[in-house]
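K.L.:
Structure, please.
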Amino acid sequence: MVQWRTAVFSLFLACGASFASWASRLPAVKQNLAINDFEVGVLLFALGAGSLVGVMSANLIVARWGTRRGLSVTLVGVGSGLFVTALAVDAVPSYSLAIVGLVVLGLSFGSTDVMINVEAAAVEQAFSRTLMPLFHAFYSLGTVIGAGVGVAMAAWSVGATWHLCTVAVLFVAVGASALRFLPGRVEVADDAAAPSRRERFSAALAVWRDPRTYAIGAIVLGMAFAEGSANDWLTIAVVDGHHGTEEMGAIFLTVFSVSMTLFRALGGPIVDRVGRVWALRALSVAAGVGLVVFILAPNLTVALVGVVLWGAGAALGFPLGMSAAGDDPTKAAASVSAAATIGYVAFLCGPPVLGWISHQIGILPTLWIIVGLIAMSGFASGAAKPVAGSSVGAGHH
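P.N.:
Below is the predicted model:
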């Protein structure tokens with residue numbers, strides 16, 4: 001089982017590193033393709049839209065073929081999409097080809113994201129311990145590694161094609177190695193006993209009729225906004241709202257990221273002690289208080305304290321939402337897919353909505369909306385109570 005857990009850790013790490021590698025070369029993408037900000041936005045939309053479709057279809061893939069067989073396809077899809085995008089960026093500059101590559105990357109990445117969370121939920125149940133936050137900490141660590149290598153490649157004038165093609169090949173290699181240690185659980189018995197396409201489709205949609213899905217979705221939505229708003233708007237809030245420098249904005253974002261990553265790495269034992277529900281309630285209070293302190297802070301020192309609380313409080317909401325969705329192994333794929341879909345909607349739609357509102361009333365007043373969403377997440381935390389038969393998240397371990 002240790003090899004299984006390590007393999008899933010490596011998949012989270014590789015996904016974070018590959019995504020951050022692409023993001024770190026966006027300036028080179030813009031320069032090499034000679035495109036404007038709007039056209040960059042179209043590229044990002046292609047990636048985001050593909051990811052959303054991939055997330056929504058992942059449960060059908062798992063229901064038909066299982067996570068191991070599904071990942072054997074989507075991991076190659078991620079590598080292929082990134083490879084094609086890399087070629088389109090520099091070697092054979094083509095804006096249209098870049099869009100095609102990013103759609104493939106997004107579709108594959110979205111499905112992969114759901115399936116590794118389903119696999120992580122199964123690992124949790126097998127170990128009877130809360131491990132989901134640690135899995136997501138490895139994803140965060142991967143983004144740090146990917147971004148750091150990207151900075152180095154840019155500083156050394158390494159072309160985006162060489163860099164991203166190398167990342168694509170390494171990603172597929174890591175994925176292939178990890179797949180060897182994933183158990184080949186069969187979600188459907190055999191072709192003769194397999195449900196019809198219509199029955200599988202109905203089963204995939206049934207999760208949306210479960211009230212618990214929407215309550216877990218409220219947890220994920222609130223915390224996804226809490227996390228995403230910091231990633232997208234914290235630096236601007238420091239500069240425009242608190243009149244700090246651009247360097248201070250970067251420092252604040254780094255502190256937020258470090259606080260969130262550390263708490264993800266260390267939060268599992270706390271959840272096992274106090275239980276998933278009480279942990280989510282306490283953390284929603286911490287995130288809400290931290291954000292209020294940041295908004296009202298009379299100086300940057302106090303604001304920085306607020307950011308530490310904000311990051312720590314937002315750290316576990318998304319992973320614990322995934323953990324709660326995966327409590328029932330028979331519904332894990334559909335439930336995780338539904339929760340992830342809600343989270344992806346928040347990540348995709350949140351930045352432009354907040355941007356439009358902040359244009360009307362200012363960035364700091366806009367952040368009060370996030371406080372309200374965090375409060376909603378806290379009130380919905382009861383839905384994360386482990387279902388009967390689950391060995392994770394009840395507390396008192």
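K.L.:
so Ala160 makes contact with Lys30?
P.N.:
No - here Ala160 lies out of contact with Lys30, judged by Cβ atoms under 8 Å, at a distance of 10.5 Å. Heads up, the C-betas are built off the backbone N, CA and C, glycines and all.
K.L.:
higher neighbour count, those two?
P.N.:
Ala160 (27 against 16; other Cβ atoms under 10 Å).
K.L.:
Got the confidence number for the more buried one?
P.N.:
Ala160 is assigned 93 on the pLDDT scale.
K.L.:
Same question for His397.
P.N.:
We have a pLDDT of 54 for His397.
K.L.:
Over to Met132?
P.N.:
For Met132, the pLDDT comes out at 93.
K.L.:
And it, how far from Thr301?
P.N.:
Counting by Cβ to Cβ, to the nearest Å, the gap between Met132 and Thr301 amounts to 34 Å.
K.L.:
any idea what sits nearest Pro351, other than its immediate chain neighbours?
P.N.:
If the residues on either side of it in the chain are set aside, Pro351 comes closest to Asp232, at 4.5 Å by Cβ to Cβ, 6 or more residues apart in numbering.
K.L.:
tell me the contacts of that neighbour?
P.N.:
Gly350, Pro351, Leu354 (Cβ atoms under 8 Å, 6 or more residues apart in numbering).
K.L.:
Buried ones in the one helix or strand Gly378 maps to, by neighbour count?
P.N.:
Counting by DSSP states H and E, the element that carries Gly378 is helix 363-379. Buried positions in helix 363-379, judged by neighbour count with 16 or more other Cβ atoms under 10 Å: Ile363, Leu364, Thr366, Leu367, Ile369, Ile370, Val371, Leu373, Ile374, Ser377, Gly378.
K.L.:
what's that helix packed up against?
P.N.:
Counting contacts by 3 or more Cβ pairs under 8 Å, 6 or more residues apart in numbering; DSSP states H and E, the secondary-structure elements packed against helix 363-379 are helix 211-236, helix 276-296, helix 332-361.
K.L.:
Columns distance to Val307 and mean pLDDT on top of those, output as a markdown table?
P.N.:
Written out in a markdown table, the entries for the helices and strands packed on helix 363-379 read as follows (distance: least, Cβ to Cβ, whole Å; pLDDT from 0 to 100):
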| stretch | distance to Val307 | mean pLDDT |
| --- | --- | --- |
| helix 211-236 | 7 | 89 |
| helix 276-296 | 6 | 96 |
| helix 332-361 | 17 | 83 |
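K.L.:
and of those, who's closest to Gly50?
P.N.:
For these, distance to Gly50 was read as Cβ to Cβ. The smallest value, 10.9 Å, belongs to helix 332-361.
K.L.:
The chain: helices as residue ranges?
P.N.:
2-24, 26-33, 37-86, 95-127, 132-155, 160-179, 197-206, 211-236, 246-274, 276-296, 300-314, 317-325, 332-361, 363-379 (DSSP state H).
K.L.:
which stretches of this protein aren't confidently modelled?
P.N.:
Filtered on pLDDT under 70, the chain yields the residue ranges 185-201, 203-204, 395-397.
K.L.:
Leaving out chain neighbours, which residue sits closest to Ala339?
P.N.:
In space, not counting the residues next to it along the chain, Ala339 is nearest to Ala325; the distance is 4.2 Å by Cβ to Cβ, 6+ apart.
K.L.:
what do you get for Gly106?
P.N.:
Ranked by Cβ to Cβ, 6+ apart and with sequence neighbours excluded, the top spatial neighbour of Gly106 is Gly50, at 2.4 Å.
K.L.:
and the nearest residue to Gly317 once chain neighbours are set aside, what is it in contact with?
P.N.:
Nearest non-adjacent residue to Gly317, counting by Cβ to Cβ, 6+ apart: Met223, 2.4 Å away. The neighbourhood of Met223, defined by Cβ under 8 Å, 6+ apart, consists of Ser284, Ala287, Ala314, Leu316, Gly317, Phe318, Gly321, Ile374, Ser377.
K.L.:
Can you convert those residues into CSV and add a column each for distance to Val8?
P.N.:
Supplementary listing: the contacts of Met223 in CSV, determined by distance: Cβ to Cβ, whole Å:
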residue, distance to Val8
Ser284, 27
Ala287, 27
Ala314, 23
Leu316, 18
Gly317, 20
Phe318, 17
Gly321, 18
Ile374, 29
Ser377, 26
